[in-house]
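Asks: Sequence and predicted structure are below.
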Amino acid sequence: MLNSMRDLAPIILVIAFFQIFVLQQPPDNVLGLLTGTLFVVVGLTFFIYGLEMGLFPIGESMAHAFARKGSIFWLLVFAFALGFGTTVAEPALIAVSDKASEVAAEAGQIAATEEAMETYAAGLRYTVALSVGVAIVIGVLRILMDWSIHYMIMAGYIIVVIVTSFAPVEIIGIAYDSGAVTTSTITVPLVTALGIGLASSISGRSPMSDGFGLIAFASLMPIIFVLIYGILI
Amino acid sequence: MEMLSELLSLFLDTMLDVLPIAGIIFGFQFLVIRKPVPNLKKVLIGLFYVLVGITLFLLGLEQALFPLGRLMAEQLTDPAFIHGAGAAVEQFDWKNYFWVYIFAFTIGMSTTIAEPSLIAVAIKAREVSGGTIGIWGLRIAVAIGAATGIALGTYRIITGTPLHYYIIAGYVVVIVQTFFAPKVIVPLAYDSGGVTTSTVTVPLVAALGLGLAETVPGRSPLIDGFGLIAFACLFPMISVMAYAQLSEFKASRAKKKRQKKEHSGQDLKKR
């Protein structure tokens, strides 16, 4: 509880400072603000508690179980399903792809009818979910094969730069943003635990230098896929 | 009463989000691994806590912080505030948006510190590194990066310069740093870009971007409103590697100093 309060204190300070000194307008609903803040504090406390009790252990125990089972095929299927499944229903992604369809309609890329926009938005959503699935698979393969993350990320950047120069200008902002919105509050702990569990159960891998990096792929790959989607459509 | 029904519907929404994930986990557990989950009861209770936690967290944000944050983003980007009430807006100057940059920086910093995904990764990083990477060290390093990114992103929207030049320049910095940063930190640094931007930061930052793009003359919200999140995602990589480089540099300097002292101590003894 106390920790959560400390986590939130900066936000409250910033907002209070700007309200009082810069905008000089008192907020109208002080009581609602206080109860809301209390909810946030309690919620954060529960979340962190549950994280260490539920999400971390299950992610790691599954990674250990897959490593012991020795079936790379099923591990990769699991990695893909986890990436795809957690992304496709992500509310932030749904919001962004709806916005993107508006941009495309305005730019005259697709017909400005509701139907065309819906197909475009759904296509974008599945593209991003597919890319996150592929990203987690690549990330898991990296841990298994001990590939160097530097060169893979650099190659990714180079592809992004090349694809950007061919992509329509309107899609670029959305593509770059889509990389960041895919990783939600539940996905991140699970995927992190999966990576660290894998790295610690394979001999010769260090959890510190091999276990992290899955999220990095999951936030880079959507950029490439969305840019390509923008070029193709 | 109204709050209670909102709480319930939000809880159901969160459940729906979590359902596919739970389905995948338990499906694979029972069909592929075919072993009972260790401490099943504890794990289930933990998952339930996570659900309750996220629900309360989101409800509280919706009630308190988001409306206020959005309102402030609107007020700060309002032309009447920026140019002074009634002043003729003829000369357009990016320096007038002084308060916007400060707001972008501070709100980026404070929301990143409260970001639950970042807390999760920081907890793991401390555990795995055996305590050399502190929870707060990482969180503050990431927060400074995100804050710088968002402040620079607002500058980009105001001046209307193309997004990809900034991003490509950022990539170049990341690549150069990668070669000089301690090897161990690199994957964690790459990850920290993706975790900064979720439940707390995205809605507030997106509101700021859209507000700016709507009020600054000559910007279109649809095209220029995007891209702030990409900045918030790129800069933490730079700041986390810089943090690691800095602490390595400090450590090696302290070591050199100590060696020097020992050396001079020995010299004295010899004499």
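Replies: Great, that's in hand. On a predicted model such as this, the values are computed, not experimentally measured, just so you know.

Asks: How far away from the center of its chain is the longest helix belonging to chain B?
Replies: Secondary structure assigned by DSSP state H gives helix B:228-270 as the longest helix of chain B. Taking the mean of its C-alpha atoms, helix B:228-270 sits 24 Å from the chain's own mean (CA atoms, centre = their mean, to the nearest Å).

Asks: model confidence over it, on average?
Replies: What helix B:228-270 shows for mean pLDDT is 80.

Asks: Mind giving me the packing neighbours of that helix?
Replies: On a contact count with 3 or more CB pairs under 8 Å, 6 or more residues apart in numbering or on different chains; DSSP states H and E, helix B:228-270 meets helix A:169-181, helix B:98-113, helix B:135-159, helix B:163-180, helix B:185-195, helix B:201-215. C-beta here means a position set from N, CA and C on the backbone, and glycine is covered the same way.

Asks: quick one, the third one and helix B:228-270 angle?
Replies: The one in question is helix B:135-159. Put simply, helix B:135-159 runs at 130 degrees to helix B:228-270, going by axes from the mean of the first three to the mean of the last three CA atoms, to 10 degrees.

Asks: Go through helix B:135-159 and flag the buried ones.
Replies: If you call a residue buried by 16 or more other CB atoms under 10 Å in any protein chain shown, then helix B:135-159 has these buried ones: B:135, B:137-158.

Asks: shaky segments in chain A?
Replies: Chain A contains residues with pLDDT under 70 at A:1, A:23-28.

Asks: residue in it nearest to chain B?
Replies: A:Gly54 (2.2 Å; CB to the nearest CB).

Asks: got a list of what B:Ser220 touches?
Replies: Counting by CB atoms under 8 Å, 6 or more residues apart in numbering or on different chains, B:Ser220 touches B:Ala213.

Asks: For residue 184, give me phi and psi.
Replies: You didn't pick a chain, so chain A it is. phi -90, psi 180 (degrees, to the nearest 10).

Asks: Sorry, I should have been clearer: chain B.
Replies: Per degrees, to the nearest 10, the backbone of B:Val184 is at phi -70, psi -30.

Asks: Any idea how many residues pack against the spatially closest residue to it that is not a sequence neighbour?
Replies: Leaving aside its sequence neighbours, B:Val184 sits nearest to A:Ser209 (CB to CB, 6 or more residues apart in numbering or on different chains; 4.8 Å). The tally of other residues near A:Ser209 (other CB atoms under 10 Å in any protein chain shown) stands at 18.

Asks: Show the subsequent helix or strand relative to the helix or strand hosting A:Ser209.
Replies: A:Ser209 belongs to helix A:207-211 when assigned by DSSP states H and E. Downstream of helix A:207-211, the first helix or strand assigned by DSSP H and E is helix A:214-232.

Asks: follow-up on the earlier one: now for the helix holding A:Ser209, which elements pack on it?
Replies: Counting by 3+ CB pairs under 8 Å, 6+ apart, helix A:207-211 packs on helix A:187-201, helix B:116-129, helix B:185-195.

Asks: rerun at 6 Å
Replies: helix A:187-201, helix B:116-129 (3 or more CB pairs under 6 Å, 6 or more residues apart in numbering or on different chains; DSSP states H and E).

Asks: Mind listing what's buried along that helix?
Replies: A:Pro207, A:Met208, A:Ser209, A:Asp210, A:Gly211.

Asks: how close does the residue nearest to B:Val184 get to B:Thr196?
Replies: Taking CB to CB, to the nearest Å as the criterion, A:Ser209 is separated from B:Thr196 by 21 Å.

Asks: chain center to the longest helix seen in chain A: distance?
Replies: Of all segments of type helix in chain A, defined using DSSP H, the longest is helix A:114-145. When C-alpha coordinates are averaged (CA atoms, centre = their mean), helix A:114-145 and its chain have centres 11 Å apart.
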